[in-house]
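> fold the stuff below for me.
(one chain, ligands or ions: 1)
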Amino acid sequence: MSSALHLVHPVRNVSTRCIHTSSVSLAGGRRTTRKGSAKPTSSLSTRLAKSLQPTGKANKLGSLHVAPAARPSFNRDSAPHRGRTPKEPSVAAPRIPSPIPSLPAKTQKKDNTSRNAEKKHLAVVAHSERVERRATLCKPPSNPLEEHFDLSTSSSPTSALPNDFTSPPLLPGLLQSLRETLGDNSKPTGIQALSLKHLFNQPESEAKWKECLLASETGSGKSIAYMLPLLQDLKRTELQSPCSSRKLLSRSLNPRALILAPTHELSRQLAGFAKKLSHNIKLRIMCASQANSHSSARNSKTASKMKSTIGDIFDSDSGEMTIGSGRPPSHEVDLLVGTPMKLLELERGRGWNWEQRARERALRISAQNAKDPDTTQEHSDPVRKFWVDEPEMGLENVEWVIVDEADVLFDPDFEESTRKLLADIASARGQPVPVLPTSSLSLIQDTPPTPDSPQPISYPFNFLLTSATIPNSLSNYLSSYHPTLIRLASPKLHHLPSTLRTQHAKWTGGNKDADIERRIRRVWAEDALAHAKSALLGASPVKLSKIIVFCNKRSKVEQLSAFLGSRGITCVALTGDADSRKRGNNHHLDGFLKSADLFQTSSAAQASEKARAPKAGSSNPAVTPHVLITTSLLSRGLDFGPEIKNVFIVDEPRNMIDFLHRAGRAGRAGEAGNVVIFGRGEGRGSGRTDEMRKRVSALVA
Ligand SMILES: Nc1ncnc2c1ncn2[C@@H]1O[C@H](COP(=O)(O)OP(=O)(O)OP(=O)(O)O)[C@@H](O)[C@H]1O
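This is a model prediction of the structure:
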């Protein structure tokens, strides 16, 4: 290949010039301007052929000497479109002397030898063009995703990976729960096999603690990949050190492991999943994720849930936790799941940051007043009554921290809380680490270390991060501060799941909401057809698909929901501040989330089991919501059920990371799914749609 190209390139340059005689300067020939405006005495190929005539010198085809590639004098596109500014300034190419002086054209007669040479030359040119075309087609396109993803995170070697959950041996109870959840014949996915191989052994180096990043495409089972080593280790250490030998701790809650997640919904789902997996090994799992409700003890659903979990440290009437009672907790919590903010509140005390928030607010207002003195605002905080309380959680026992959706928790919105919490755990365990100034993470560049380079951070606990997307900022942060961290990545990282089909839908130019409605009805019409076919074949019935529609703005979510409602399509519309999110459970997503009842008490589970039994109208989209409209809020980590076969992306996502997570709510765990991307077919905005299409195709596995 390479030798062919060596031969080809000089010829290709000549041939290109040969084709565009209208626009180039010919090496050693007359300079032509535009087609027809000059009369070259012979074509370039003819003259080249002439130059190849055997002259007794070593100018045979095998050692073709062609003038080095001369830069075209102006852009190819500029000549036929007169009046347009050429993209590049027109620079006259230097006249390059022909390697062989050509014979005067008038006096030269074409004899047989020269005709043969010309034929040979034309064959070479044609061949070189073919090779060139093929090379262009085979060349990998420059990846349009480079600006978002760290594409250097290569997949981990997949040789000699366990292909069964029994190797290395899982605790029998854990294996049993896993089989109850996934089925008897389930096999580990790629990322789970990597986890089984690397996270079940003690670290080989002197370091006591594991540091690892688990990265694989959406829906590939990362939760199990980190929960198995975590739950197994928690149980193993519990068996090795019975309760009686543990330290008496002053706080009510003293978890041994934390899972951090960006939303309450995800925290609840993860806690439920961990609970199900640890059912047989009897670990105590708790979700600290109260919803975004007003901070008041009375409203706290978390408190009542905690109460039922850890009994007598709660006031039986008010549902409040009894703080500072001096009594050791009657039950310990092994694993606590929550958002970084919620966990900080438990650890530092509710309202720990209100003073700081008030200061920041005062600064913001005075800056605003300085800018616009006419609209002077009050500097002092309005009188607000918060329920401020003492810390409730101790971190001394924490031996595992899992950062789920790590790229979000280390992005500017979350990084401060995440790093504060990690630093607090390290301090509580007697090994303080420096806390970086806010927002410095995103500025870290992947540059060689210098004396001023950041010092690596070594946390005194097992530190696992996981995500389906590794942006450059996270990758650089990890390289700088956690250089020894192991990166385990699946081969399909930064690709859409292979079972997910992408479709592009064009706006008709009229009412966009009506376009969306039409597309929804088209999905259901296809379901009805498939159902009719399967009924004919006696196969199992096909259910009406459920659809998630992703918008960018709250107002759009509300407007679309109202429109579809008026057209007889009942929807669940969910935005960040929706009241339904304040209830402290995931019931607002019932019918969409997979196993939404996992973490409920048994009576609640029975109730929802009853509620899930097919009812009259349950397949009627006018009665039971089959469409969930939301923003990127729900695009992260949530495991939607297999009924979610379609994701509609109606507003262009902020970036391709966002796109990948939105699309990844369907096509999970090997289920088939479709992602429909809406965009303009022509006119204004169609350029962006084309760009999007290009980027999406780069994500298709
Ligand atoms: N080995 C397996 N065999 C079959 N199903 C599995 C297996 N592992 C996980 N699953 C199922 O796959 C689904 C997706 O798993 P999970 O939510 O952990 O994916 P994820 O990689 O964390 O996705 P995301 O990146 O969106 O957070 C779950 O319903 C889970 O039960």
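
> Asp658 in helix, strand or coil?
With DSSP: H, G, I helix; E, B strand; the rest coil as the basis, Asp658 sits in helix.

> okay, how far is it across stretch 335-349, tip to tip?
Distance across stretch 335-349, first residue to last, is 19 Å (C-alpha to C-alpha, to the nearest Å).

> over to stretch 622-639?
OK, stretch 622-639 end separation, C-alpha to C-alpha: 25 Å.

> in that stretch, what counts as buried?
Buried positions in stretch 622-639, judged by neighbour count with 16 or more other C-beta atoms under 10 Å: 625-639. Backbone N, C-alpha and C define where each C-beta goes, glycine included.

> do the same with stretch 174-186
Buried, per 16+ other C-beta under 10 Å, within stretch 174-186: 174-175, 177-178, 182, 186.

> closest to Cys212 out of the residues you listed?
Leu174 (19.3 Å; C-beta to C-beta).

> contacting residues for Pro391?
The contact partners of Pro391, taken as C-beta atoms under 8 Å, 6 or more residues apart in numbering, are 251, 323, 346-349.

> among those residues, who's most crowded?
Greatest neighbour count in the contacts of Pro391, by other C-beta atoms under 10 Å, goes to Leu346: 25 neighbours.

> let me know the secondary structure of that residue.
At Leu346 the chain is in helix, as set by three-state DSSP.

> so for it, what's the pLDDT?
Per-residue pLDDT puts Leu346 at 90.

> leaving out sequence neighbours, find the closest residue to it.
Leaving aside its chain neighbours, Leu346 sits nearest to Met393 (4.0 Å; criterion: C-beta to C-beta, 6 or more residues apart in numbering).

> ok, Glu347 next?
Met393 (4.7 Å).

> quick one: that neighbour and Arg251 touch, right?
Yes - with contact defined as C-beta atoms under 8 Å, Met393 reaches Arg251; the gap is 5.7 Å.

> point out the residues in the stretch 451-600 of the chain that sit beside the ligand.
Counting by C-beta under 6 Å from any ligand atom, the positions of the stretch 451-600 of the chain adjacent to the ligand are 468, 594.

> and the closest residue to the ligand within the stretch 451-600 of the chain, what does it touch?
Taking C-beta to the nearest ligand atom, the ligand has its nearest neighbour within the stretch 451-600 of the chain at Ala468, 3.8 Å off. Shown in contact with Ala468 (C-beta under 8 Å, 6+ apart): 215-218, 220, 222, 493, 660-661, 664.

> quick one, what contacts whatever residue of the stretch 51-200 of the chain ends up closest to the ligand?
Nearest to the ligand, among the residues of the stretch 51-200 of the chain, is Ser186, at 4.2 Å (C-beta to the nearest ligand atom). Counting by C-beta under 8 Å, 6+ apart, Ser186 touches 165, 178-179.

> and what of Val700?
By C-beta under 8 Å, 6+ apart, the contact set of Val700 is 495-496, 502.

> and if you look at Phe410?
403, 418, 441, 473-474, 477 are the contacts of Phe410 under C-beta under 8 Å, 6+ apart.

> so which of those belong to helices?
Residues of these located in helices (DSSP state H): 418, 473-474, 477.

> could these go into a markdown table alongside distance to Arg688 and pLDDT?
What follows is the ones in helices among the contacts of Phe410, written out as a markdown table (distance: C-beta to C-beta, whole Å; pLDDT from 0 to 100):
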| residue | distance to Arg688 | pLDDT |
| --- | --- | --- |
| Thr418 | 33 | 94 |
| Ser473 | 24 | 87 |
| Leu474 | 26 | 90 |
| Tyr477 | 30 | 88 |
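
> how about the residues of the stretch 151-300 of the chain near the ligand?
Within the stretch 151-300 of the chain, the positions near the ligand by C-beta under 6 Å from any ligand atom are 182, 186-189, 192, 216, 218-224.

> now the residues you listed: which count as buried?
Buried members of these, scored by 16+ other C-beta under 10 Å, are 182, 186, 188-189, 192, 216, 218-224.

> and these, which two are furthest apart?
So, these by C-beta to C-beta: farthest apart are Ser186 and Thr218, at 18.8 Å.

> give me the below-cutoff pLDDT ranges for the stretch 101-250 of the chain.
The stretch 101-250 of the chain contains residues with pLDDT under 70 at 101-112, 127, 130-159, 202-207, 242-250.

> rerun at 90
101-163, 166-169, 198, 200-208, 237-250 (pLDDT under 90).

> number of nearby residues for Ile486?
16.

> contact partners for it?
198, 210-213.

> in the protein, which spans are strands?
With DSSP state E as the criterion, the chain has strands at 211-215, 257-260, 285-287, 335-338, 400-404, 462-467, 486-489, 500-506, 546-550, 571-574, 627-630, 644-649, 673-679.

> now the fourth one: average pLDDT?
Going back to what we said before, that points to strand 335-338. For strand 335-338, the per-residue pLDDT averages 95.

> I'd like the contacts of Val700 as CSV, with distance to His588 appended.
Shown next, in CSV, are these (distance: C-beta to C-beta, whole Å):
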residue, distance to His588
His495, 31
Leu496, 27
Thr502, 29
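
> re earlier: check the ones in helices among the contacts of Phe410 and tell me the two furthest apart.
Within those, Thr418 and Ser473 form the most distant pair, 13.5 Å apart (C-beta to C-beta).

> returning to what we had before: now for the residue nearest to Glu347: which residues touch it?
Per C-beta under 8 Å, 6+ apart, neighbours of Met393: 251-255, 336, 343, 346-347.

> do you know how far it is from the ligand?
Remark: distance between Met393 and the ligand (C-beta to the nearest ligand atom, to the nearest Å) = 26 Å.

> check Leu634 too.
Distance of Leu634 to the ligand, computed by C-beta to the nearest ligand atom: 11 Å.

> can I assume that residue is in contact with Leu574?
Yes - Leu634 is within contact range of Leu574, at 6.5 Å (criterion: C-beta under 8 Å).

> got the confidence number for the residue of the stretch 451-600 of the chain closest to the ligand?
On the pLDDT scale, Ala468 gets 94.

> buried ones among the contacts of Val700?
Counted by 16+ other C-beta under 10 Å, the contacts of Val700 give 495-496, 502 as buried.

> any idea which of the contacts of Val700 is closest to Asn646?
Nearest to Asn646 among those, with distances taken as C-beta to C-beta, is Thr502, at 11.6 Å.

> that closest one contacts Leu496, doesn't it?
Yes - using C-beta under 8 Å, Thr502 and Leu496 qualify as a contacting pair, with a distance of 7.0 Å.

> ok, now which ones touch His557?
His isn't right for residue 557; it's Val. So Val557 contacts 551, 573-575, 629-631 (C-beta under 8 Å, 6+ apart).

> same list (these) but as TSV, adding pLDDT.
Shown next, in TSV, are those (pLDDT from 0 to 100):
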residue	pLDDT
Cys551	96
Ala573	94
Leu574	91
Thr575	89
Ile629	97
Thr630	95
Thr631	93
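
> show the end-to-end separation of stretch 160-179, please.
End-to-end span of stretch 160-179 (C-alpha to C-alpha): 23 Å.

> now for the closest residue in space to Ala622 that isn't next to it in sequence, how many residues are close by?
Excluding the flanking residues, the one nearest Ala622 by C-beta to C-beta, 6+ apart is Gly568, at 4.6 Å. Neighbour count of Gly568, defined by other C-beta under 10 Å: 11.

> look up how far Ala160 lies from Pro483.
Using C-beta to C-beta, to the nearest Å, Pro483 is found at 26 Å from Ala160.

> which one's more surrounded, these two?
Applying other C-beta under 10 Å to Pro483 and Ala160 shows that Pro483 carries more neighbours, namely 11 against 8.

> and the more buried one, what does it touch?
Shown in contact with Pro483 (C-beta under 8 Å, 6+ apart): Pro456.

> what do you get for the one 5 residues further on?
In this structure, Leu488 makes contact with 156, 191, 194-195, 198, 212-215, judged by C-beta under 8 Å, 6+ apart.

> and the residues you listed, which two are furthest apart?
His198 and Ala215, at 13.0 Å, using C-beta to C-beta across the contacts of Leu488.
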